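Colleague: Build the 3D model from these lines:
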Amino acid sequence: MNDLISLLATQGPAVVLVVTLAARLGAPVPAVPFLVVAGGLAMGGSALNAVAIVLASLLGNILGDGAWFLAGRRWGYAVMRLLCRVSLSADTCVSRSEAILGRWGGLSLIAAKYVPGVSVVAPPMAGALGMSNARFLAFETAGALVWTLGYLLLGAVFHAAIRDVLAVLANIGLAATVVGGVLLVAFVLWRYHQRRMARRADDIVTISVDALRTALAQGRAPTVLDVRGDQVRAIDPRAIPGAVGFALAELPHALGPLADGRDLVVFCDCPADASAIAAARVLMAAGLPRVRVLEGGLSAWAAADVGDGGAVEAAPPVPASLGATGGA
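Modeller: Next up is the predicted model:
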């Protein structure tokens, strides 16, 4: 721990820049503790330049988030899918980012910095949705400044306690490292188990892309529900022909038009069809028995040889009454 203090005391701005940039790019690097310790050292009489630390942190934030912002503008929703597939919370990663960005707009870039699993996804989503460079830079700079000053201030307020904690950790040494490693592995295994359990779908009836294509071609079409969120559909305009948009959060409040005995096919574009399975369970719990989930979702549909029906404009949100949409 003394080596950490010495490193921050002598190379503080460089260290903060590197760890902050790595964290914003998505590496499992704990940038926050470095800022807290740097704040404590600056208050404790060290020669550490607090202004240089702030500037280094701002630069790391802007470079890291800016790279993802530009990637989102260039490659769109594919970038979020990539990021969320490696997340421990892959099934909710995009939806949480969408909810924050949809509710708060540019301010979400500030809020996202404090939400695990969302901080890396919010910048590419902002880019994919067409946020201007100037608007992104303004909100990103404001968010990075709030984030940086907050943790530096925390370190400054508790600078005496921070030194005591570092001293205790230095004495514990290897034991603390082992215990921390065991706890981290246990957390990862627990999250993996949670994901495996969430993916179990013994109660769900599925339908293949080929079977759905046949049903659509033979005139006995089911009602096809796209349960991706509004922002996701805006980013990724692909859709199954005739599908209607019904965000997962809207389903419990809009079941009336669907409760007429019609066949329903639900799809999403998410890992393990998680959102579609969740939507199917909501529908079945409401007494709608004829519900199936499209295997592989939109990705499977787009990958199939579906002629000119593979990529069309996304359907608007479902109207209050579905009328004659779909078959009984």
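
Colleague: quick one: least confident helix or strand in this structure?
Modeller: In the chain, no helix or strand scores lower on mean pLDDT, DSSP states H and E than helix 159-172, which sits at a mean of 57.

Colleague: tally of neighbours for residue 284?
Modeller: 16 (other Cβ atoms under 10 Å). C-beta coordinates here come from the backbone N, C-alpha and C atoms, glycine included.

Colleague: pLDDT score for it?
Modeller: What the model reports as pLDDT for residue 284 is 88.

Colleague: Please report how far the residue found closest to residue 303 once you drop the neighbours it is linked to in the chain lies from residue 24.
Modeller: The shortest distance from residue 303 to any non-neighbouring residue, by Cβ to Cβ, 6 or more residues apart in numbering, is to residue 296 (7.7 Å). Separation of residue 296 from residue 24 (Cβ to Cβ, to the nearest Å) stands at 32 Å.

Colleague: which of these two has more neighbours?
Modeller: Under the neighbour definition other Cβ under 10 Å, residue 296 and residue 24 were set side by side, and residue 24 has more, 25 against 19.

Colleague: On the three-state scheme, the more buried one is what?
Modeller: When classified by DSSP: H, G, I helix; E, B strand; the rest coil, residue 24 comes out as helix.

Colleague: Setting aside sequence neighbours, what's the nearest residue to it?
Modeller: In space, residue 24 is closest to residue 64, 2.5 Å off (Cβ to Cβ, 6+ apart).

Colleague: Am I right that that neighbour sits in a helix?
Modeller: Yes - counting by three-state DSSP, residue 64 is found in a helix.

Colleague: Could you tell me the per-residue confidence at it?
Modeller: The model's pLDDT for residue 64 equals 92.

Colleague: now the one 5 residues further on
Modeller: Reading off the per-residue confidence, residue 69 sits at a pLDDT of 91.

Colleague: from memory it sits against residue 123, does it?
Modeller: Yes - Residue 69 lies in contact with residue 123 (Cβ atoms under 8 Å); the separation is 4.3 Å.
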